[in-house]
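K.L.:
I'd like to go over a predicted model; first the sequence, then the structure.
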Amino acid sequence: MRQPAAVAALVLAAGALAACGGGERQDAGAPSGAFAVDVTRASFPARQSLARHSMLRLVVRNTGDRDVPDLAVTVATAPARAGQAPSAFGTRIAGADLADATRPVWVLDRGPQGGDTAYVDTWAFGGLRGGATRTVAFRVTAARAGRWRLTWRVAPALEGDVRLTGGGRTRGAFDVTITDAPVDSRVGRGGVVVRAGGA
């Protein structure tokens, strides 16, 4: 009686192991290979003021023959102190008692349409055909005075064994000074406040 029971137990254990380690790999459908892109234009104002809107724009061109599977853009503000982790449009402040030590340098008013991902610093925009161009734009409001470096980089996909080739510009940085000087504004028609240079 014990022998059939032992055999059954072994069969069940083997089935469980096959279920855990067998089957198709999770990245089986992920893209792979080399892709060529070039950021032909990157713009962000070097001097900004608190509470004033600005636009960060990247114009990305697929310079290769292969379609880019899922164009991704990562944005990071260089940390104010060495050893701190970067944040997309923010910085970390000192304080062990803080639940969240990240504070915005820029408030993201409007990100690129359809680009949200599970990552806090990366946006993805789907495929980009060979020879095609896409403009990626972020509308932000300066929220913390100081001198900051905002970096950006592009990738052909969020996952998979992908790499960039072709020698195009795929990363860069903006050195930005945010002043706490009041924004030049006036009251327009209907009592609406109009800020000079507002986006």
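P.N.:
Received it, and whenever you're ready, just let me know what you need.
K.L.:
Quick test: name the residue nearest the centre of the chain.
P.N.:
residue 122 (1.8 Å; Cα atoms, centre = their mean).
K.L.:
Residue 158 is in contact with that one, correct?
P.N.:
Yes - using Cβ atoms under 8 Å, residue 122 makes contact with residue 158 at a distance of 7.0 Å. Placement of C-beta: from N, CA and C, glycine included.
K.L.:
for stretch 60-69, the distance to its chain's centre please.
P.N.:
Averaging C-alpha positions (Cα atoms, centre = their mean, to the nearest Å) puts stretch 60-69 19 Å from its chain's average.
K.L.:
just stretch 34-46 next, same as before
P.N.:
14 Å.
K.L.:
now stretch 38-50
P.N.:
Distance, centroid of stretch 38-50 to centroid of chain: 16 Å (Cα atoms, centre = their mean).
K.L.:
one step back: now the common contact residues for residue 122 and residue 158.
P.N.:
Taking Cβ atoms under 8 Å, 6 or more residues apart in numbering as the criterion, residue 122 and residue 158 both touch residue 72.
K.L.:
returning to that earlier point: I'd like to know the beta-bridge partner residues of the closest residue to the residue nearest to the centre of the chain other than its chain neighbours.
P.N.:
With Cβ to Cβ, 6 or more residues apart in numbering as the criterion, residue 122 has its nearest non-adjacent residue at 4.5 Å, and that residue is residue 74. Beta-bridge partners of residue 74, counted by DSSP bridges, are residue 122, residue 153.
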